[in-house]
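> Please work out how this folds:
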Amino acid sequence: MMRLTVFKLFVKDQAEARRFYIDKLDFVVAEDRRLGDYRSLLVRPPGTGYVAINLQAAQTDRQRALVGEQGGGQPVFGLATDNCWRDYAVMKARGVVFEGEPTTMPYGTGVMLRDLYGNKLYLNEDVQ
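The predicted structure is shown next:
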């Protein structure tokens with residue numbers, strides 16, 4: 001059996017990216033340690049045991065060009081919630097940028113937001 005454990009998101013600055021994901025989105029730090037010259041910084045939503053985001057500092061010109069553009073204009077990932085309007089209100093009060101208000105679609109209630117570098121993320125409450 002396989003499962004997804006980590007995916008990489010290039011960032012300009014690991015400290016500011018950590019603050020955004022922890023303070024604005026309520027993520028938790030799964031790992032923050034040095035491995036030689038490499039800093040392994042993994043964050044994830046609370047309660048999720050497997051998938052984490054590796055917030056990696058962009059080092060090359062190619063990596064720097066990807067910061068904020070990793071989804072090519074589409075969401076980099078989705079965030080499932082049990083209450084989209086509640087989480088929208090909390091995050092908006094913390095300064096998170098949203099593309100409008102949550103809307104109800106056949107698959108649930110959701111809204112697009114952006115991280116501190118402009119990557120799109122999708123917050124969605126599934127239809128019950």
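> Could you list the buried residues of the longest helix anywhere in the chain?
The longest helix of the chain (DSSP state H) is helix 84-93. Residues C84, D87, Y88, M91 are the ones in helix 84-93 that count as buried (16 or more other CB atoms under 10 Å). For glycine as for every other residue, the C-beta is placed from the backbone atoms N, C-alpha and C.
> any weak-confidence spans in the protein?
128 (pLDDT under 70).
> and after the helix or strand harbouring R64, which helix or strand comes next?
In this assignment (DSSP states H and E), R64 forms part of helix 61-66. For helix 61-66, the following helix or strand on the C-terminal side (DSSP H and E) is strand 77-81.
> Return the list of helices and strands in contact with that following strand.
On a contact count with 3 or more CB pairs under 8 Å, 6 or more residues apart in numbering; DSSP states H and E, strand 77-81 meets strand 120-126.
> quick check: angle from the strand it packs on to helix 84-93?
150 degrees (axes from the mean of the first three to the mean of the last three CA atoms, to 10 degrees).
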